[in-house]
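Asker: Build me a model from this:
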Amino acid sequence: MKKRQYEGKVIDFSSNSDFLQKRRQDFNKTIKQKKKISKNMKNIGNNVYCRKIIYDSALGASHKSTHLARRLLEGVFNHDAMMGCTLTGQAPRTKDKKSAVVNPLDQQAKGAIVEFAMHTAVERKWPIQSRQIILKEMSQRSLNINATT
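Answerer: Numbering: from 1, shown residues only. I've put the predicted structure just below:
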């Protein structure tokens, strides 16, 4: 029997011990969860995932990188995460909302959306648009989503 101290406890590490069976179950659960994520989600880069149904519709309906980025924004961020947030973290310039504290959207996800949109535009021979234009369009879309609810 292989016994060692693990997290302050003496644990039996033989092949049929309860400890190892529990670890195997945890590992198998994690693998199943990853498969479930990969079935419903699509990686757009930098470990940023977009809902597959939105990803597919965005690629099918877009003809510019700005269109694609605006549509992917809703697939990467859920509605609750976007509420009360702006793309940059700056408060809107209207008088009634200027004092409100506003959180920015995740920078890594925002960058992944822009990079994916620019790469797809080159791949599909769409009109090339700059990073600033794409970010401006995404910012407008995030404000539209906040304004509608």
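Asker: Please enumerate the helices of the chain.
Answerer: 18-40, 52-61, 65-76, 79-82, 107-123, 131-148 (DSSP state H).
Asker: quick one: which of those helices is nearest residue 89?
Answerer: helix 107-123 (9.5 Å; CB to CB). C-beta coordinates here come from the backbone N, C-alpha and C atoms, glycine included.
Asker: Buried ones in the closest one, by neighbour count?
Answerer: Going by neighbour count (16 or more other CB atoms under 10 Å), the buried part of helix 107-123 is 109, 110, 112, 113, 114, 115, 116, 117, 118, 120, 121.
Asker: Also stretch 51-60?
Answerer: Residues of stretch 51-60 classed as buried: 51, 54, 55, 58 (neighbour count, 16+ other CB under 10 Å).
Asker: So what touches that stretch?
Answerer: 39-42, 44, 50, 67-68, 71-72, 74-75, 120 (CB atoms under 8 Å, 6 or more residues apart in numbering).
Asker: Filter those down to the buried ones.
Answerer: By 16+ other CB under 10 Å, these give 41, 42, 44, 50, 67, 68, 71, 72, 74, 75, 120 as buried.
Asker: for the residues you listed, which one is nearest residue 148?
Answerer: For the buried ones among the contacts of stretch 51-60, the nearest to residue 148 is residue 74 (11.8 Å; CB to CB).
Asker: gap between the residue nearest to residue 62 when sequence neighbours are not counted and residue 113?
Answerer: Distances taken as CB to CB, 6 or more residues apart in numbering put residue 68 closest to residue 62, at 4.1 Å, once the chain neighbours are dropped. Distance check for residue 68 against residue 113: by CB to CB, to the nearest Å, it reads 9 Å.
Asker: Same question for residue 57.
Answerer: For residue 57, the distance to residue 113 equals 15 Å [CB to CB].
Asker: and residue 143, how far is that from residue 56?
Answerer: 26 Å.
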